[in-house]
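Q: need a structure here:
(one chain, ligands or ions: 1)
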Amino acid sequence: MSASPHNFAQRHLGPRPADVEQMLQKLGCESLEDLLAAVVPADIRLPRSLNLPEPCSEAEALAELRAIAHQNQILRSYLGQGYANCLTPPVIQRNILENPGWYTAYTPYQAEIAQGRLEALLNFQTMVSDLTGLEIANASLLDEATAAAEAMTLSLAVAKSKSQTYFVAHNCHPQTIAVVQTRAAALGIEVLVADLLQFDFQTPIFGLLLQYPATDGTIADYRSVIEQAHAQGAIATVACDLLALTLLTPPGEFGADIAVGNSQRFGVPLGYGGPHAAFFATKEAYKRQIPGRIVGVSKDAQGQPALRLALQTREQHIRRDKATSNICTAQVLLAVVAGFYAVYHGAEGLTAIARQVRRQTQILAEELQSLGFKIPQQPGFDTLIVEVEDPKVWQSRTEAAGFNLRCLSDRQLGISLDETTTDSDLLDLLTVFAQGRSLPAWEDLQAAVTDEVDPAFARQTPFLTHPVFQQYHSETELLRYIHRLQSRDLSLTTAMIPLGSCTMKLNATAEMLPISWPEFNQIHPFAPLSQTQGYQQLFQQLESWLAEITGFAAVSLQPNAGSQGEYAGLLVIQRYHQSRGEDHRQICLIPQSAHGTNPASAVMAGMKVVPIACDDRGNIDVSDLQQKAAQYADQLAALMVTYPSTHGVFEEAIAEICAIVHQQGGQVYLDGANLNAQVGLCQPAQFGADVCHLNLHKTFCIPHGGGGPGVGPIGVAAHLAPFLPSHPLVPEANADPQALGPIAAAPWGSASILPISWMYIRMMGAAGLTQASAIAILNANYIATRLAPYYPILYRGDRGFVAHECILDLRPLKRTAGIEVEDVAKRLMDYGFHAPTMSWPVLGTLMVEPTESESLAELDRFCEAMIGIYHEVDAIASGDLDPLDNPLKHAPHPADVLLQSDWNRAYSREQAAYPAPWTREHKFWPVVSRIDNAYGDRNLVCSCLPMSAYSDR
Ligand SMILES: *Cc1c(COP(=O)(O)O)cnc(C)c1O
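A: Next comes the predicted model:
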C-alpha cells in the first residue's frame, strides 16, 4: 500500500503497518498471506485481483463524483405520489443528518446507552400516533409501499373474515398498489384493485387499503365503507399524508384500524426515492402483530422512567418461520429527522405549512379555471388535477420552464405542491399555462380562496400537545436538545461497537459528504430519466463494481435492507423455477444457525422452511443436508446459507454444499451479511451461489443510523437476471417481460445513500478492499487469541483460526459465578464500550466483530475491558465479591446512583465508575441504570410520558 498522505485505505484501516507485524507475530503467522491461506479454503480463493478502477484520494473521488452529480438536473418536481419536496431545517441537517454522533449509532438494543435516540424515536411515535389518531405507532418501516404490504399481512393475520381477497382502492399511489400485488402473489392472496365507489361489498374481503388524500388529490368520506368492511370482519388500512392530517380528520377517528404512510415531507430530502421513514400506526389490540420495532417506556433499577425497545423478544423475524414480517433494519435516522422536524415546528408551525400548501393549491386551481382549464374536482389538500387535450405536450412545456408535472391519464395532468413552493413558482407555472394570456393580480387570487376546510373533513382534535413539541422552537433550544440527546448515546465517535454480523466499520466523512449535495438529494424518484443521467451513471458503475466483487452477472439496487434483499432474491428464484414449469419447488432449506430474517423471508415468499442441522463445530451438517436435499428433491427451491457462517467460520465444504443443492434442482441463496470477510478473497458466484444480497450498511460503509437506513442489493447469476425486480412507473429499472414486480416503492430504493458505497469502493480500489478483508480477519483473530485464555472461542476453522468475527463462550461464567451474558454486556458500558452481539447465534455467548477500521490500541482497550470483567467474575467465583451485590449485577452505573450519599454497596464507587484507566481520562456516562424490560412489556406505553413522570428527577 502506498504511503502517500492522501492514500485513503491507510485512513480506513485501523492498524498501522508496524502493528500488523506485531499482531501477526502474536498469531504465529509469517505474513498476512500466511494468515489468509490458513483461513480461506484454498478451493474457493480468488486467484486474481478484482477488476476495479485504481484507487484514488478523497479529493479525487469527490471531484469525480461531483462531475457525475452535475449530470442530474434539479427541477421543481410537483409529481406527488407520496413524495413532496420540503425544507430540512439547517439545524437538523447539520446536527443530525450530517452528525456522526447520530448516524454512526447502532440499533438501540443496549438501551441504557441509547436513551437519546430512543427519546427521539418516542417523539416520532407520539407524532405519528397523534396525527393519525391511532393508539400505537412503530419507530418506522422502510417505505410507504412496503408499509402498506405489511398492513395487508397484519390484516390477514388478525381479521375475523376468512376471505383471501384484499381490496385496494384504485386511487392509491401506483407504486403502492404494485408492491402490495407482488407481496400478495407470493402468499396466494387475491388483490382486487377497483374503484371504491363502485364496490358493493358482495365479494368477501379480509381487508382494504385506501389512500387519504387519494393519489389524485381527492378526499372522500370513508366512514361508511369502513363500517361495511368491519361488518364483514375485515381490517381497514388508510395510507395517509402526515402534513394533510394537521388539517383533516385523522384516520383513527373515522374507523381505520391501521394507518401507514411516508414521513419524508417532514424534513427529509427527496433523495431520488429514499431513504425515508415510513410509519405504521394501529390499535392497541394489534400491538403484538406490529411489524418492526416499537420504543416503549419502562423503568430502570432505580424506578426512574427509562426507554427501550418494547416487546423486544417478539421482534417479528425472531419468530423465524412463524413470523409475518421479516423487517430488521428500518429507517431510524430518518424517523429521528422527521420527529425533530415536528419538535422544531410544533403543531402550529406544521399547521401553518399545511395551510400554505393548501392555499397555494387552491389558488392554482382557481387560476387555471379562470384560464379556461377544467379542474374536475376541488383539490382536497396539495394535489389538483387539470384536464388538458394532450398532457405529454403540456408536460414538455412545463419541463422547459423548470417543472415536472405528473401525467395521470391521456387527458389529465396532476400537480402536487409542497412546503418549498413559492408564489413566484406559481406565477412561473401559470405563465406556462397562460400561453401568452395575462394573469390576474396576485391579490385578487389571494382573495378568491378560503382557509376553511370543509367541515365534513376538518380536523377537530388537537395534536402534538406534549411539551416536547412546544419547548424547542428557538434554534438555541433545539440545538441544545439535539446535543443533550446525542450525549446519551454511545456511537462510533466514542468507542468501537464490536457487533458480530453487523460490521460497524468506519463511515468516512468523505463518503458522507455527497449525500447532502442537492444534485443527489433534491430529486423526485419519478423525475424523467433524462434529468437523472448522473444517477444512472452512478447506478451503472456501482452495479458493475458489486457484480465484479461478488462474481455475479447482474445486480438490483432496489431492496432497502438485507431482509428485503433476501425476500427479493427468493422471489427471483421462485420465478426462475416457474419459468421452467417447476412451480412445485417451494421448499427452502435453512441451517439452524441462520439469522431470523432468513426463515421469515422464506415464509413471506410463500415457501416452506425445512431446517438443516449444524454439527458440533458449528458447520452445516453436510450429511443432514444431503439427506434433506434428496428427500425433498422434487420440491427443493433453495438453500439459504450465510458465508462465512453466522458462527464466524469459513466452512471448508461450501462448494460441496452448493453442489448438493444444485444436483437436486435447487438454487443457492447466499446471505451476504458477512461479505466483509470475502471481498477480494473469494466470490460467492464462483463457489456456487446463485443469488446473494449485500448489506451496503455493513460491508460498504453506509452508516447504521441507529437502526437504519440500509441498502440490501442482490447480485444474481445470468440465468436469474431477467427476473430481477421491476417498477411500474420506471420501466428502465428492469424492462424484461419476465421481471418480478417491485419490492420497494422507489425503482432504485434508497438511491441517495448509494454515493457512500460508491465513494468507498472508488477510493479503496481492488488492493484496498482486499487489504480491508485481510485486516478484518487479522483483527478478529487477534481478539480471539488475546481473549482465548479467559473466554473459550466457541468455533474455529480447521486450522484453528476464525474468519472476521469470533464467538466468546460466556456460559462457564454462569456456572462459576452466576453471571449472565447480559451482566457482562451492561458492565461493558461502565468501561465505555458497547457490547458485542449478545446470545446470537448461540445463547449465552458474545459475538465480536472488530472490523478492519479499529486500531490495535482500540482492540487492546476492548480486550483489557473484557479481561477486567473476567477478573471481576473470578472475584465473585472465589467469594471476594458478593454474588448479588457486585459491579456486574448492578451495571451500568449512572452518576446519580454513584453520587447517592448513602452508598452502601459491597464494592467501591471507584470500582464501579472507573474500572479501567482510560475511564478517568474520558468517561462515557450511561444516564440510566439497568432497565426492566418485563415491566415495560406488561405496562406498554409507546408515546411521550407526561412531564410529571420525570418531576422527581
Ligand atoms: C444484518 C443481517 C441480516 C438482515 O439485514 P437487515 O439489513 O437488517 O435487514 C440478515 N442476515 C444476517 C446474517 C445479518 O447479519
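Q: contacting residues around residue 596?
A: 317-320, 323, 328 (Cβ atoms under 8 Å, 6 or more residues apart in numbering). For every residue, glycine as well, the C-beta is placed using N, CA and C.
Q: most neighbours, which of those?
A: For the contacts of residue 596, neighbours were counted using other Cβ atoms under 10 Å, and residue 328 has the most, 26 neighbours in all.
Q: just to revisit the earlier point, nearest to residue 791 among the contacts of residue 596?
A: Within the contacts of residue 596, the smallest distance to residue 791 is 25.1 Å, found for residue 318 (Cβ to Cβ).
Q: what residues does this protein have near the ligand?
A: Within the chain, the positions lying close to the ligand (Cβ under 6 Å from any ligand atom) are 328-329, 501, 561-563, 595, 597, 642, 646, 671, 673, 695, 710, 712.
Q: tell me how far residue 683 lies from the ligand.
A: Distance, residue 683 to the ligand, using Cβ to the nearest ligand atom, to the nearest Å: 18 Å.
Q: for residue 52, helix, strand, or coil?
A: Look at residue 52: counting by DSSP: H, G, I helix; E, B strand; the rest coil, its state is coil.
Q: so it is in contact with residue 769, correct?
A: Yes. Judged on Cβ atoms under 8 Å, residue 52 makes contact with residue 769 at a distance of 7.4 Å.
Q: find the residues that touch each one of the two.
A: The contact sets of residue 52 and residue 769 overlap at 549, 761 (Cβ under 8 Å, 6+ apart).
Q: who's more crowded, the two?
A: When residue 52 is set against residue 769 and neighbours are counted by other Cβ under 10 Å, the residue ahead is residue 769, at 28 against 20.
Q: from the ligand, how far out is that one?
A: For residue 769, the distance to the ligand (Cβ to the nearest ligand atom) stands at 20 Å.
Q: isn't that residue right next to residue 761, touching?
A: Yes. Residue 769 sits in contact with residue 761 when judged by Cβ under 8 Å, with a separation of 6.9 Å.
Q: mind listing the shared neighbours of the two?
A: Common contacts of residue 769 and residue 761 (Cβ under 8 Å, 6+ apart): 52, 549.
Q: helices or strands up against the helix-or-strand element of the chain with minimal mean pLDDT?
A: Lowest by mean pLDDT, DSSP states H and E among the helices and strands of the chain is helix 442-448, with a mean of 76. Counting contacts by 3 or more Cβ pairs under 8 Å, 6 or more residues apart in numbering; DSSP states H and E, helix 442-448 packs against helix 332-370.
Q: which parts of the helix or strand just after the helix it packs on count as buried, going by neighbours?
A: Once the chain leaves helix 332-370, the next helix or strand it forms, by DSSP states H and E, is strand 383-387. Judged by neighbour count (16 or more other Cβ atoms under 10 Å), strand 383-387 contains these buried residues: 383-386.
Q: quick one: strand 383-387 to helix 332-370, angle?
A: With axes from the mean of the first three to the mean of the last three Cα atoms, to 10 degrees defining the directions, strand 383-387 sits at 40 degrees from helix 332-370.
Q: residues near the residue in the stretch 51-200 of the chain that the ligand sits nearest to, how many?
A: When distances are taken as Cβ to the nearest ligand atom, the stretch 51-200 of the chain reaches nearest to the ligand at residue 107, 8.3 Å away. Using other Cβ under 10 Å, residue 107 has 20 neighbouring residues.
Q: ok, it to residue 92 distance?
A: Distance of residue 107 to residue 92, computed by Cβ to Cβ, to the nearest Å: 21 Å.
Q: which residue is nearest the centroid of this protein?
A: For the chain, the residue nearest the mean C-alpha position is residue 330 (3.0 Å; Cα atoms, centre = their mean).
Q: so that one lies in a helix, does it not?
A: No. With three-state DSSP as the criterion, residue 330 is located in coil rather than a helix.
Q: do I have it right that it meets residue 140?
A: Yes. Residue 330 lies in contact with residue 140 (Cβ under 8 Å); the separation is 4.5 Å.
Q: what touches both of the two?
A: Common neighbours of residue 330 and residue 140 (Cβ under 8 Å, 6+ apart) are 277, 292-293, 708.
Q: picking up where we left off before, surely the residue of the stretch 51-200 of the chain closest to the ligand meets residue 706?
A: Yes. Counting by Cβ under 8 Å, residue 706 is a contact partner of residue 107 at 6.8 Å.
Q: where do the contact lists of the two overlap?
A: With Cβ under 8 Å, 6+ apart, residue 107 and residue 706 have common neighbours residue 332.
Q: for the residue of the stretch 451-600 of the chain found nearest the ligand, what are its contacts?
A: Residue of the stretch 451-600 of the chain nearest the ligand, by Cβ to the nearest ligand atom: residue 562 (2.3 Å). Residue 562 makes contact with 328-329, 597, 671, 673, 693, 695, 698, 710, 712 under the criterion Cβ under 8 Å, 6+ apart.
Q: cool, residue 216 as well?
A: 171, 383, 385, 408, 412, 414.
Q: did I read that right, the fourth one in a strand?
A: This means residue 408. Yes. Applying three-state DSSP, one finds residue 408 inside a strand.
Q: what's around it, how many residues?
A: When counting by other Cβ under 10 Å, one arrives at 20 neighbours for residue 408.
Q: which residues does stretch 621-632 contact?
A: For stretch 621-632, the surrounding residues in contact (Cβ under 8 Å, 6+ apart) are 587, 589, 610, 612-615, 636, 639, 653, 656-657, 660-661, 663-664, 666.
Q: mind running it again at 7 Å?
A: Residues outside stretch 621-632 that contact it (Cβ atoms under 7 Å, 6 or more residues apart in numbering): 587, 589, 610, 612-615, 636, 653, 656-657, 660-661, 664, 666.
Q: ok, and the most crowded of those residues?
A: residue 589 (30 neighbours).
Q: what's the closest of the contacts of residue 562 to residue 536?
A: Looking across these and measuring by Cβ to Cβ, the closest to residue 536 is residue 712, at 20.7 Å.
Q: secondary structure class of the closest one, three-state.
A: Under three-state DSSP, the three-state class of residue 712 is coil.
Q: just residue 527 next, same as before
A: Under the three-state scheme (three-state DSSP), residue 527 adopts coil.
Q: pLDDT check: weakest of the contacts of stretch 621-632?
A: Of all these, residue 615 carries the smallest pLDDT score, 91.
Q: roughly how far apart are residue 685 and the ligand?
A: Distance, residue 685 to the ligand, using Cβ to the nearest ligand atom: 19 Å.
Q: secondary structure element for that residue?
A: With DSSP H and E as the criterion, residue 685 is inside helix 684-687.
Q: quick one: residue 418 and residue 87 touch, right?
A: No. Residue 418 lies out of contact with residue 87 (Cβ atoms under 7 Å); the separation is 9.2 Å.
Q: wait, residue 775 touches residue 16, no?
A: No. Counting by Cβ under 7 Å, residue 775 stays clear of residue 16, with 10.9 Å between them.
Q: and these two? Which one has more around it.
A: Higher neighbour count among residue 775 and residue 16: residue 775, with 26 against 13, using other Cβ under 10 Å.
Q: confirm that the more buried one sits in a helix.
A: Yes. Under three-state DSSP, residue 775 falls within a helix.
Q: list the contacts of it.
A: 13, 15, 852.
Q: returning to that earlier point: which one of the contacts of residue 562 sits in the busiest neighbourhood?
A: Ranked by neighbour count (other Cβ under 10 Å), the contacts of residue 562 have residue 712 at the top, with 33 neighbours.
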